[in-house]
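Novice: sequence plus the predicted model coming up.
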Amino acid sequence: MNAEPNATPSPAATVAPSDFIRDIVAQDLAAGRCAEGVVTRFPPEPNGYLHIGHAKSICLNFGIALENGGRCHLRMDDTNPAKEDIEYVESITADVKWLISGWADSVLGLKPKGEKPAPAPGGDFRIRPVPAADHAARAPELEPFFASDYLEQLYLFAERLIEKGKAYVCDLSPAETDEYRGAPDRPGKNSPFRERTIAENLDLFRRMRAGEFPDGARTLRAKIDMASPNVWLRDPLLYRIRHLAHHHAGAGWCVYPLYDYAHCLSDYLEGVTHSVCTLEFEVHRPLYDWILESLELPRALPRQYEFAKLHLAYTLVSKRRLLQLVNEKIVAGWDDPRMPTLAGIRRRGIPASALRRFVIGVGVTKFDSLTELAVYENAVRDELNAAAHRRMAVLRPLKLVIDNFDALPLGSFQRMHATDRPDADKGGGSRDIKDSFEKELWIEQDDFSETPPPKYFRLKPGGEVRLKYAGIIKYNSVEKDAAGQVVAVHVDMDPDSLPGGSAKDRKVKGTIHWVGVKSCIDAEVRLYDRLFTHPEPASAENIRDVLNPRSLEVVTAKLEPSLATATPEERFQFERLGYFTPDAKDSAPGRPVFNRTITLKDTWAK
RNA sequence: UGCCCGAUGGUGUAAUGGUAGCACAGCAGAUUCUGACUCUGCUUGUUAAGGUUCGAGUCCUUAUCGGGCAGCCA
């Protein structure tokens, strides 16, 4: 192999594998078919929030651009004013920037605000992005691309199609259009308006634009083949009448292009070379090509390629179903940390690097697969393990009393070192927790059992266990309340097992974590689990049937005091429990609310 | 049953006519002041039948199974 000598990637680095689309790009490049470089695009419709499925598309498109020194345009595919809103433009832009931050920022294509395609030789138009190097300096005056910025050019192209005899104005009603289309196994029949003259079509189309006709009265259709076995070639609609202002384009329009017409031409105007979309658009590809070829455009044409969507077990991405969760208050909103939205994933504390690594790792194929949740969880744990600061926290407290505390030689050492990050040799460092070590501590209820199951390594009657970073304790007795519940466990500590002691390295099977009763702080901690109990929640008739009743548990936890100043940008491992991060919305300065991102892997059978 | 697409261990993916590999999961062990991490080992696969070829996961044929397509949505 020809590996670079110093190309040893960190565990967090994601090496993009090859796949059939990247192979095509490489071939095109080798054949000199991309004179102006590789240009891809991520084109969401601003009618909802981005989710984990979009992450795959984002990483594919930005990844291809990055690997080939090209660029990737963020484009709002906003040709249906009835469904879209500026709110989504903003959330989509923020989510994309978050996901590519620190990875592919350098290939993000944006443009000056308000800029539209400029006329070019041969009756052509084109629009150019601002180089990413200038983004920082010009940030306030930049915006994504918008298909709705091309309304004028798209309209002009449509007139050209009419002039070439390749499009006509049709007066059929929606129901009639549907009937004339036939069915996949039954040919359609020609519209009675199919043979209008070019002059008549031009006149009618101009009057459509001028607002002379009501919604639905007429459409512009491509003249292809009503008997085609591919229904998308049966004189597909290009334009419909909608007397509606547009969230981005304003009030000047009442005819709006449909997806198949607008998308290929938007790609062309932006100089996109590889237009990558999901499998359901496979049957649209002949139409994509037909429109571009019919216009006899002067520049190289973009090509469409399709890949399989991401399907992740125990996860739902259907907009309708997700909306139901929000509307019925099953979750707290679109950015609830249990949601598969990028906003939810981010709030949950999952690093963008982990999401990227996951979606890139599942690969790109045309096979409709279902990816196990464990693959996702592994990526998250792996990134967090490397990045998270270690802290001690007790989620379900039980009091521990060290009976011989006052006799312990605590004055003989200055510090009690606790790991901050395991890679201390690389600057991970340590912190001092000596002031937290008190006579009375909180330990996890799970870490004591009066009647332990087999192979129980934690504290039990007659047993010994190590208090992490401190010393070894031996069971003395339990205190119970009137109801017989254990309220405190009494132990003695082996003084020689303290840091610096003669038996500091003595081995015992179990180590448990703790916080000081007096020094600890109380904090709300939200314990999240998967939202659904079924690996394919989409297959359920009613999502309520497959909801996990324990997808959220809120506890008041005892945290070591250093956690009081934690901020939402910080990642922590609460030792032996999992990874946690302060909630970005509900935390207050000095009073963080923690979200559990994910538990530690637990191979001890529960 | 019109057209299009697909099928490699439990899951995802690689092998571009020449040794079926990787990751995750699982199991066993080592290590461990996190039952984590790390390390070692193991189990398990080319949908089927024909054909072409010295040689087929790969090319051809047929079958089987799965997915997609009939919005004035994208």
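Specialist: Nice, I can see it. Numbering: from 1, shown residues only, chains lettered A, B, ... in the order given.
Novice: for the stretch 401-550 of chain A, which residues are neighbours of RNA strand B?
Specialist: Within the stretch 401-550 of chain A, the positions near RNA strand B by Cβ under 7 Å from any atom of the strand are A:419, A:422, A:455-458, A:466, A:468-471, A:499, A:504-505, A:507, A:510-511. For every residue, glycine as well, the C-beta is placed using N, CA and C.
Novice: now with 6 Å, please.
Specialist: By Cβ under 6 Å from any atom of the strand, the part of the stretch 401-550 of chain A that sits against RNA strand B consists of A:422, A:455-458, A:466, A:468-469, A:499, A:504, A:507, A:511.
Novice: among those, who's most crowded?
Specialist: A:Tyr469 (22 neighbours; other Cβ atoms under 10 Å).
Novice: does that residue belong to a helix, a strand or coil?
Specialist: coil (DSSP: H, G, I helix; E, B strand; the rest coil).
Novice: repeat that for A:Glu541.
Specialist: Three-state call for A:Glu541 (three-state DSSP): coil.
Novice: got phi/psi on it?
Specialist: phi -70, psi -40 (degrees, to the nearest 10).
Novice: before we move on, what about the one 5 residues further on?
Specialist: Note on A:Val546: backbone dihedrals following degrees, to the nearest 10 are phi -120, psi 10.
Novice: what's near enough to touch it?
Specialist: By Cβ atoms under 8 Å, 6 or more residues apart in numbering, the contact list for A:Val546 reads A:532-534, A:537, A:540.
Novice: rebuild these as JSON lines, extending it with pLDDT and neighbour count.
Specialist: Output for the contacts of A:Val546, formatted as JSON lines (pLDDT from 0 to 100; neighbours: other Cβ atoms under 10 Å):
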{"residue": "A:Phe532", "pLDDT": "97", "neighbour count": "20"}
{"residue": "A:Thr533", "pLDDT": "96", "neighbour count": "16"}
{"residue": "A:His534", "pLDDT": "96", "neighbour count": "17"}
{"residue": "A:Pro537", "pLDDT": "96", "neighbour count": "22"}
{"residue": "A:Ala540", "pLDDT": "93", "neighbour count": "16"}
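Novice: how about those in JSON lines, adding secondary structure?
Specialist: JSON lines is the format used below for the contacts of A:Val546 (three-state DSSP):
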{"residue": "A:Phe532", "secondary structure": "strand"}
{"residue": "A:Thr533", "secondary structure": "coil"}
{"residue": "A:His534", "secondary structure": "coil"}
{"residue": "A:Pro537", "secondary structure": "helix"}
{"residue": "A:Ala540", "secondary structure": "coil"}
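Novice: can you redo those as JSON lines with distance to A:Asp289?
Specialist: As requested, these are exported to JSON lines (distance: Cβ to Cβ, whole Å):
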{"residue": "A:Phe532", "distance to A:Asp289": "40"}
{"residue": "A:Thr533", "distance to A:Asp289": "45"}
{"residue": "A:His534", "distance to A:Asp289": "40"}
{"residue": "A:Pro537", "distance to A:Asp289": "37"}
{"residue": "A:Ala540", "distance to A:Asp289": "39"}
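Novice: any idea of the pLDDT on A:Met1?
Specialist: Per-residue pLDDT puts A:Met1 at 28.
Novice: got the residues of the stretch 101-250 of chain A near RNA strand B?
Specialist: A:172-174, A:177-178, A:181, A:183-185, A:216, A:219, A:229-232, A:237, A:240.
Novice: got the residue ranges for the strands in the stretch 1-150 of chain A?
Specialist: According to DSSP state E, counting those that start in this stretch, the stretch 1-150 of chain A carries its strands in the segments A:39-42, A:71-76, A:108-109, A:111-112, A:118-120, A:124-126, A:142-143, A:145-146.
Novice: could you dump those strands to TSV with mean neighbour count, distance to A:Lys309 and mean pLDDT?
Specialist: Listed next are those as TSV, based on neighbours: other Cβ atoms under 10 Å; distance: least, Cβ to Cβ, whole Å; pLDDT from 0 to 100:
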stretch	mean neighbour count	distance to A:Lys309	mean pLDDT
strand A:39-42	27	14	98
strand A:71-76	26	19	98
strand A:108-109	26	23	97
strand A:111-112	18	28	98
strand A:118-120	12	36	96
strand A:124-126	16	31	97
strand A:142-143	18	28	97
strand A:145-146	24	23	98
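Novice: could you dump those strands into a markdown table with distance to A:Trp604 added?
Specialist: As requested, the strands of the stretch 1-150 of chain A are exported to a markdown table (distance: least, Cβ to Cβ, whole Å):
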| stretch | distance to A:Trp604 |
| --- | --- |
| strand A:39-42 | 43 |
| strand A:71-76 | 45 |
| strand A:108-109 | 45 |
| strand A:111-112 | 55 |
| strand A:118-120 | 65 |
| strand A:124-126 | 62 |
| strand A:142-143 | 52 |
| strand A:145-146 | 52 |
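Novice: how about A:Glu36: what's its closest non-neighbour residue?
Specialist: Nearest residue to A:Glu36, sequence neighbours excluded (Cβ to Cβ, 6 or more residues apart in numbering): A:Gly271, at 6.1 Å.
Novice: for the one you found, give me its contacts.
Specialist: A:36, A:39, A:126, A:128, A:299.
Novice: one more time with 7 Å
Specialist: By Cβ atoms under 7 Å, 6 or more residues apart in numbering, A:Gly271 lies in contact with A:36, A:39, A:126.
Novice: check A:Leu50 too.
Specialist: A:44, A:92, A:95, A:341-342.
Novice: again, only this time at 8 Å
Specialist: Counting by Cβ under 8 Å, 6+ apart, A:Leu50 makes contact with A:44, A:58, A:91-92, A:95-96, A:341-343.
Novice: narrow the residues you listed to those in helices?
Specialist: Secondary-structure check on the contacts of A:Leu50 using DSSP state H: residues within helices are A:58, A:91-92, A:95-96, A:342-343.
Novice: which of those residues lies closest to RNA strand B?
Specialist: A:Ile92 (11.8 Å; Cβ to the nearest atom of the strand).
Novice: which among the contacts of A:Leu50 end up buried?
Specialist: A:44, A:58, A:91-92, A:95-96, A:341-343 (16 or more other Cβ atoms under 10 Å).
Novice: can you put those in a markdown table and add distance to RNA strand B?
Specialist: Below are the buried ones among the contacts of A:Leu50 laid out as a markdown table (distance: Cβ to the nearest atom of the strand, whole Å):
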| residue | distance to RNA strand B |
| --- | --- |
| A:Pro44 | 7 |
| A:Ile58 | 15 |
| A:Ser91 | 16 |
| A:Ile92 | 12 |
| A:Asp95 | 16 |
| A:Val96 | 15 |
| A:Thr341 | 17 |
| A:Leu342 | 17 |
| A:Ala343 | 19 |
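Novice: turn those residues into CSV, including pLDDT.
Specialist: What follows is the buried ones among the contacts of A:Leu50, written out as CSV (pLDDT from 0 to 100):
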residue, pLDDT
A:Pro44, 98
A:Ile58, 98
A:Ser91, 98
A:Ile92, 98
A:Asp95, 98
A:Val96, 98
A:Thr341, 98
A:Leu342, 98
A:Ala343, 98
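Novice: which one among these gets closest to A:Arg320?
Specialist: Within the buried ones among the contacts of A:Leu50, proximity to A:Arg320 (Cβ to Cβ) peaks at A:Thr341, which comes in at 14.1 Å.
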